[in-house]
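In: all I have is the shape, not the residue letters:
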């Protein structure tokens, strides 16, 4: 699928979703937000897709909201619709799709763009990428679950400062503070992301999806609740094809061939 604002490429069981408004640093308008949701739904429902990459075309990952849309009386849907119909559903889909999702930050990730990246399961960045909680610069508050995920990633104090001051965080700073998983050289970025995504796509997708569910629930559960859920989901995982294949391959001293179920 290819269109004005979203591109989708599927190969080797990996869905590559490209934010495709490079002329405005892949900032979101209403069309792009709805198309990203539709594309995520399609990837969730496609059994051939076992890993998803979200990245940007051009120099940026995503600059957040297209301010031309919100300052044009004819185009502006209003902040309630922007949040409840655009960004909140995107974050919910990223977290609820039980497949690994990589946020591949190829350039600047600002505002909602930064927080969409940080909602992904694994975040990697090009060495020239940067992250900016840009909201305070224009008198807004962080949205797109930034106030939920960022303090959990880097701690309350550091998150407070970044959100209030709007500091630009380099890729090196981001990895040093635990915000992201890895940095890749700019010239090798797509190749390295492809290797990572292909590895994930060949792993036991069922177990990874259940792990993701456990991590989501751990945000709210107490210890007893989490232990009980681990028991339930471990039983579910142990009934999968991939568990039997993994154990058999271990005993036979060969590489397992996981099917994702």
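Out: Right, received. Where do you want to start? Everything quoted here is computed from the prediction, not taken from an experiment.
In: lowest average confidence, helix or strand, in the chain?
Out: helix 67-71 (a mean of 92; mean pLDDT, DSSP states H and E).
In: mind listing the helices for the stretch 101-250 of the chain?
Out: Counting by DSSP state H, counting those that start in this stretch, the segments of the stretch 101-250 of the chain that form helices are 112-118, 146-154, 156-165, 171-176, 189-201, 205-218, 223-238, 241-252.
In: okay, the ones you listed, which one's buried deepest?
Out: helix 112-118 (a mean of 28; mean count of other CB atoms under 10 Å). C-beta here means a position set from N, CA and C on the backbone, and glycine is covered the same way.
In: and the contacts of that one?
Out: 26-28, 54, 60-65, 87, 90-91, 94, 103, 105, 109, 123, 131-134, 142-146, 149-150, 153, 179 (CB atoms under 8 Å, 6 or more residues apart in numbering).
In: again, only using 7 Å
Out: Here helix 112-118 makes contact (CB atoms under 7 Å, 6 or more residues apart in numbering) with 28, 61-65, 87, 90-91, 103, 105, 109, 123, 131-133, 142-146, 149-150, 153.
In: do me a favour and average the pLDDT over that helix.
Out: On average, the pLDDT along helix 112-118 is 98.
In: now residue 55: which helix or strand?
Out: Under the criterion of DSSP states H and E, residue 55 resides in strand 51-56.
In: could you measure from the closest residue to residue 104 other than its chain neighbours over to residue 28?
Out: Excluding its sequence neighbours, the residue lying closest to residue 104 (CB to CB, 6 or more residues apart in numbering) is residue 55, at 3.9 Å. Using CB to CB, to the nearest Å, residue 55 is found at 15 Å from residue 28.
In: neighbour count for those two, which is higher?
Out: residue 28 (27 against 24; other CB atoms under 10 Å).
In: can I assume that one is in contact with residue 65?
Out: Yes - under the criterion of CB atoms under 7 Å, residue 28 makes contact with residue 65 at 5.6 Å.
In: how far is stretch 155-164 from where the chain is centred?
Out: In terms of CA atoms, centre = their mean, to the nearest Å, the centre of stretch 155-164 is set 21 Å apart from its chain centre.
In: typed the wrong thing, it's stretch 15-34
Out: On CA atoms, centre = their mean, the centre of stretch 15-34 falls 14 Å from that of its chain.
In: ok, now stretch 118-129?
Out: 8 Å.
In: before we move on, what about stretch 126-133?
Out: Stretch 126-133 sits 15 Å away from the centroid of its parent chain (CA atoms, centre = their mean).
In: for it, measure first residue to last.
Out: 18 Å (CA to CA, to the nearest Å).
In: export the helices of the stretch 101-250 of the chain as a markdown table, with columns for distance to residue 10.
Out: As requested, the helices of the stretch 101-250 of the chain are arranged in a markdown table below (distance: least, CB to CB, whole Å):
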| stretch | distance to residue 10 |
| --- | --- |
| helix 112-118 | 21 |
| helix 146-154 | 27 |
| helix 156-165 | 35 |
| helix 171-176 | 27 |
| helix 189-201 | 10 |
| helix 205-218 | 15 |
| helix 223-238 | 26 |
| helix 241-252 | 21 |
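In: right, and those - which one's nearest residue 8?
Out: Of all the helices of the stretch 101-250 of the chain, the one in closest proximity to residue 8, counting by CB to CB, is helix 189-201 (13.9 Å).
In: pLDDT on that closest one, on average?
Out: The average pLDDT within helix 189-201 is 98.
In: same check on stretch 82-94?
Out: Mean predicted confidence for stretch 82-94 is 97.
In: what about that stretch, start to end distance?
Out: Using CA to CA, the end-to-end distance of stretch 82-94 comes to 17 Å.
In: quick one: residues in contact with stretch 156-173.
Out: 125-127, 129-134, 136-137, 142, 150-151, 177, 183.
In: now that stretch: how far from the chain's centre is it?
Out: 19 Å.
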